[in-house]
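# I would like the atomic coordinates for the input below:
(chains A, B, C and D)
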There are 2 protein chains.
Amino acid sequence: MQQANRKTYHRGNVRDDLVIAARDVLHNEGLAALSLRRVAREVGVAPSAVYNHFRNREALLAAVAADGYRQLSRLERDSYDGTQRSPEVLLTLSRRYLRFASENPSLYRLMFSPEVVDYRTDPELAEAGESSFGLSVDWWYGQGAYAATPRAREHPLALSVWAIMHGLAMQVIDGLVSINRNDSAALDRLAEQTMQTLIQGLEEPLSKKP
Amino acid sequence: MQQANRKTYHRGNVRDDLVIAARDVLHNEGLAALSLRRVAREVGVAPSAVYNHFRNREALLAAVAADGYRQLSRLERDSYDGTQRSPEVLLTLSRRYLRFASENPSLYRLMFSPEVVDYRTDPELAEAGESSFGLSVDWWYGQGAYAATPRAREHPLALSVWAIMHGLAMQVIDGLVSINRNDSAALDRLAEQTMQTLIQGLEEPLSKKP
DNA sequence: GAAGAATATGAACAATGTTCACATAGCGCA
DNA sequence: TGCGCTATGTGAACATTGTTCATATTCTTC
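Residues are numbered from 1 along each chain as shown, chains lettered A, B, ... in the order given. This next block holds a predicted model:
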């Protein structure tokens, strides 16, 4: 379906088409099926043409990952206007985060696979990644704090918030939790439950249960 | 160095040699360098010989991952005798867990890359993985609970414990935290700090800090 | 010592990432 | 308009990879 307007030799939007096609293949068939040649085939272009738009296969995958980060970042900004600093914000955020991961498992995994896509060699990816990590820091310090002091990201609490969400997402994606990934209500419950555990801590439940 | 005792046509321990060589290549050069042919070369054996010991490349990687799980499991059992159910156990466990991940980043990542090694198709991997996940559940329910009720793994608290540790490990491995991966004292502090956050919860610090 | 299982080999195949020489289209400028 | 420069496309080629197959060697067992 991709190779529709193949009337001219030059067609103008190959770069975007490649990223979209790569994203589709990744989503439908997983990382193993995501070869450079496959994507080129999907778009209806010669394999070598890809190199006019990306340095190599890795750079193409990085573009897909960067796209994912932007999507995630948008989702986060939608959940948090930067003013109200309440636990409810965290709960909302956790729900949407887990949904995103569940709905895009292969993409989510790719985004956190530095052996495939390397932050250090791809500025676009680095920037997109940065912006999506900043939210929990902003939430803690106040709006804009992340941009102001990049190191603030390493505040133990901000770090814990993201760590537990990422860990949870991995468990769900990898099928370590027996939950139907399409049951969004169950996913929401799981996200809230987990974030609530972090908010309340373990001490009280620990002293109660035998 | 591997191909020392290459005196006989049949040499008896090729399977183990393959796993060891694969583990070394993974450790020293990362997943990208870990090809079946490369491992065969390292051991001093023809590529096709590998298929006498493993179904395919994936099965070889799964054996490496399973080895990692067993190591992790051993480390966990050493940290916890199954009786004392105190926060201190969690702190000890978190330190060792983070150290393991930091010292074996590529291996750790492989262990949690189901797109490369699939639990569902490899019984050895599944078993090794199971046993290493059980600890936080045992800690919560009491010794042996995990084996008794496999579903107990999904207890929200046990799940949170592992999630936050895994998330933290990923952050360190992927360089998202500016910490020297060889500075084990700093790693220990980070692990304790994070686990302490989970134990105490966010409510109190949240109400204090402006 | 011979039979059969286990384990090794080398040749072959398709697929992949990448490079290169070359072809064509779009664009700015005489 | 036409000319050339640059961007973008093509197809052929190459090394490497995972995998299979026919074949050879060794080990084990009787």
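
# any idea where the helices of chain A begin and end?
A:14-29, A:36-43, A:57-79, A:87-103, A:105-111, A:123-141, A:145-148, A:156-173, A:184-200, A:203-208 (DSSP state H).

# Can you add mean pLDDT and mean neighbour count and give those back as JSON lines?
All C-beta atoms are positioned from the backbone trio N, CA, C, and that covers glycine. Listed next are those as JSON lines, based on pLDDT from 0 to 100; neighbours: other CB atoms under 10 Å in any protein chain shown:
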{"stretch": "helix A:14-29", "mean pLDDT": "97", "mean neighbour count": "18"}
{"stretch": "helix A:36-43", "mean pLDDT": "98", "mean neighbour count": "19"}
{"stretch": "helix A:57-79", "mean pLDDT": "91", "mean neighbour count": "20"}
{"stretch": "helix A:87-103", "mean pLDDT": "91", "mean neighbour count": "19"}
{"stretch": "helix A:105-111", "mean pLDDT": "95", "mean neighbour count": "22"}
{"stretch": "helix A:123-141", "mean pLDDT": "71", "mean neighbour count": "20"}
{"stretch": "helix A:145-148", "mean pLDDT": "49", "mean neighbour count": "16"}
{"stretch": "helix A:156-173", "mean pLDDT": "90", "mean neighbour count": "23"}
{"stretch": "helix A:184-200", "mean pLDDT": "95", "mean neighbour count": "18"}
{"stretch": "helix A:203-208", "mean pLDDT": "73", "mean neighbour count": "11"}
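
# Distance to B:H155 added to those helices, as JSON lines?
As requested, the helices of chain A are exported to JSON lines (distance: least, CB to CB, whole Å):
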{"stretch": "helix A:14-29", "distance to B:H155": "32"}
{"stretch": "helix A:36-43", "distance to B:H155": "42"}
{"stretch": "helix A:57-79", "distance to B:H155": "27"}
{"stretch": "helix A:87-103", "distance to B:H155": "18"}
{"stretch": "helix A:105-111", "distance to B:H155": "23"}
{"stretch": "helix A:123-141", "distance to B:H155": "25"}
{"stretch": "helix A:145-148", "distance to B:H155": "34"}
{"stretch": "helix A:156-173", "distance to B:H155": "12"}
{"stretch": "helix A:184-200", "distance to B:H155": "10"}
{"stretch": "helix A:203-208", "distance to B:H155": "10"}
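
# and of these, who's closest to B:S184?
Evaluated over these, closeness to B:S184 peaks at helix A:156-173, with 18.3 Å, by CB to CB.

# So what touches stretch A:34-46?
A:2-3, A:6, A:14, A:17-18, A:21-22, A:24-26, A:47, A:49-50, A:56-57, A:60-61 (CB atoms under 8 Å, 6 or more residues apart in numbering or on different chains).

# again, 7 Å this time
When contacts are defined by CB atoms under 7 Å, 6 or more residues apart in numbering or on different chains, stretch A:34-46 is touched by residues A:2-3, A:6, A:14, A:17-18, A:21-22, A:25-26, A:47, A:49-50, A:57, A:60.

# Show me which residues of chain A sit near chain B.
Within chain A, the positions lying close to chain B (CB under 7 Å from any CB of the partner chain) are A:30-32, A:109, A:112, A:114-115, A:154, A:156-157, A:159-160, A:162-164, A:166-168, A:170-171, A:174, A:177-178, A:193-194, A:197-203, A:205.

# leaving aside the residues next to it on the chain, what's closest to the closest residue to chain B within chain A?
Distances between chain A and chain B by CB to the nearest CB are smallest at A:G201, namely 2.5 Å. Nearest residue to A:G201, sequence neighbours excluded (CB to CB, 6 or more residues apart in numbering or on different chains): B:G201, at 2.5 Å.

# Would you confirm that the one you found contacts A:I199?
Yes - counting by CB atoms under 7 Å, B:G201 touches A:I199, with 5.7 Å between them.

# Can stretch A:33-47 be said to contact DNA strand D?
Yes - Stretch A:33-47 comes into contact with DNA strand D (CB under 7 Å from any atom of the strand), by way of A:44-47.

# That stretch: end-to-end distance?
Counting by CA to CA, to the nearest Å, you get 15 Å between the two ends of stretch A:33-47.
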